[in-house]
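*Asks:* the following comprises the amino acid sequence and a computationally predicted model.
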Amino acid sequence: MIRPLLAALACCLSVAAHGFDLEGHRGARGLAPENTLPGFARALSIGVSTLELDVGVTRDGVVVISHERGMMPDIARGPDGRWIALPGPLIHDVTYAELERYDVGRLDPATRYARKFPDQVPADGARVPRLADLFALVRKAGNDTVRFNIETKLSPEAPAETLPPEAFARAVIAAIRAGGMERRSMIQSFDWRTLKLVQAEAPDIPTVYLSAQQRWLDNIRAGDPAGSPWTAGLKFAACGSVPKMVKAAGGAVWSPFFGDLDAAKVAEAHALGLKVIPWTAGTRAQIDAILALKVDGMITDRPDWARDAMRHAGLALPRATPVAP
């Protein structure tokens, strides 16, 4: 019981010490290529309190930054300079040296995905970075306060596409510790099995519970009496709400899809002692709506717009540390 309490206390203290937690989604996806060093450099230059990112583990055990379990055709070009086709190679099936051959510095302009981010500036030549590379960039920026919200990208419905959850979580913990960033890192996931392992074996690294209850993603399965394979054995029916599930899991931070959130749920989560940091705000209207809910932070594609809204609301702004990737 002591370890989960220590983890929860560490996470609460971490968030409280920094005030409103402005998290740059995949760096600053609305402005620069996602999960790349140019993208993280842009977020640092704007000024965020946390860099949000996703990780996978290569065949040779390197923790790399990538949102998908496989290379994404909308953003990846092969050594021949052509956009790759589906299915892209799985991160788990290639070595880091093989992964470095792909250019992820530009969106394919013919895709619907690219049309979502008209202000994104390409950075041709950008490669899939290692988590260690991001830590080095932050040191280069001289930023000794920005934190890292690191999402484990795996699925109980595709177990062959990644390491098992325990091995995956241990690889991420080891990479964080190797970089000396355990006091500045959080691990988040839709797959709560990894968070259970982190709380047991690395209680000094806070955990963040991601949730979505949408047609396109539902890791809660509220209407399924059998429960969800994503939530480490916890059932909505037994708990009665997602905040109560997070509390029962030993969590201190709930990170729901913003479209699932309302004032009553925020109040319930706060009454349970949870911090609420929704994802992902991509428009000014969404940013304003999230701020109006009195949450503890937000994950956003546009940290520049979020800073404008925070300034208007009288919230303290995180320090900008301009850096070249």
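*Replies:* Okay, I see it.

*Asks:* mind checking how far the residue of the chain positioned farthest from its centre is from residue 101?
*Replies:* No residue in the chain sits farther from the centre than residue 80, which is 30.7 Å out by CA atoms, centre = their mean. Using CB to CB, to the nearest Å, one obtains 10 Å as the distance from residue 80 to residue 101. Heads up, the C-betas are built off the backbone N, CA and C, glycines and all.

*Asks:* re the thing from before, look at the residue farthest from the centre of the chain and give its secondary structure.
*Replies:* Classification of residue 80 using DSSP: H, G, I helix; E, B strand; the rest coil returns coil.

*Asks:* just the pLDDT for it.
*Replies:* Looking at residue 80, its pLDDT stands at 93.

*Asks:* same question for the one 4 residues further on.
*Replies:* With respect to pLDDT, residue 84 has a value of 97.

*Asks:* so what's it up against?
*Replies:* 71, 73, 76, 77, 78, 102 (CB atoms under 8 Å, 6 or more residues apart in numbering).

*Asks:* tell me the phi and psi of the closest residue to residue 263 other than its chain neighbours?
*Replies:* Distance criterion CB to CB, 6 or more residues apart in numbering; nearest residue to residue 263, sequence neighbours excluded, is residue 293 at 5.8 Å. The phi/psi pair for residue 293 (degrees, to the nearest 10) reads phi -80, psi 0.

*Asks:* in terms of pLDDT, where does residue 87 sit?
*Replies:* Reading off the model, residue 87 has pLDDT 88.

*Asks:* now it: how far from residue 154?
*Replies:* 17 Å.

*Asks:* look at these two and report which has more neighbours.
*Replies:* residue 154 (25 against 9; other CB atoms under 10 Å).

*Asks:* what's the burial count for the spatially closest residue to that one that is not a sequence neighbour?
*Replies:* If the residues on either side of it in the chain are set aside, residue 154 comes closest to residue 162, at 4.1 Å by CB to CB, 6+ apart. Neighbourhood size, residue 162 [other CB under 10 Å]: 21.

*Asks:* now do the contacts for residue 162.
*Replies:* 56, 57, 69, 90, 91, 92, 153, 154, 155, 168.

*Asks:* what distance separates the helix or strand encompassing residue 198 from the centre of its chain?
*Replies:* Using DSSP states H and E, residue 198 sits in helix 192-201. Taking CA atoms, centre = their mean, to the nearest Å, one finds helix 192-201 lying 16 Å from the centre of the chain it belongs to.

*Asks:* now stretch 263-278
*Replies:* With CA atoms, centre = their mean, you get 19 Å for stretch 263-278.

*Asks:* circling back to that earlier point, can you say which of the contacts of residue 84 are buried?
*Replies:* For those, a neighbour count by 16 or more other CB atoms under 10 Å gives the buried set as 71, 73, 76, 77, 102.

*Asks:* nearest to residue 243, of those?
*Replies:* residue 71 (35.7 Å; CB to CB).

*Asks:* my guess is the closest one meets residue 88, correct?
*Replies:* Yes. Assessed by CB atoms under 8 Å, residue 71 is found in contact with residue 88 at 3.3 Å.

*Asks:* fine by me, thanks again.
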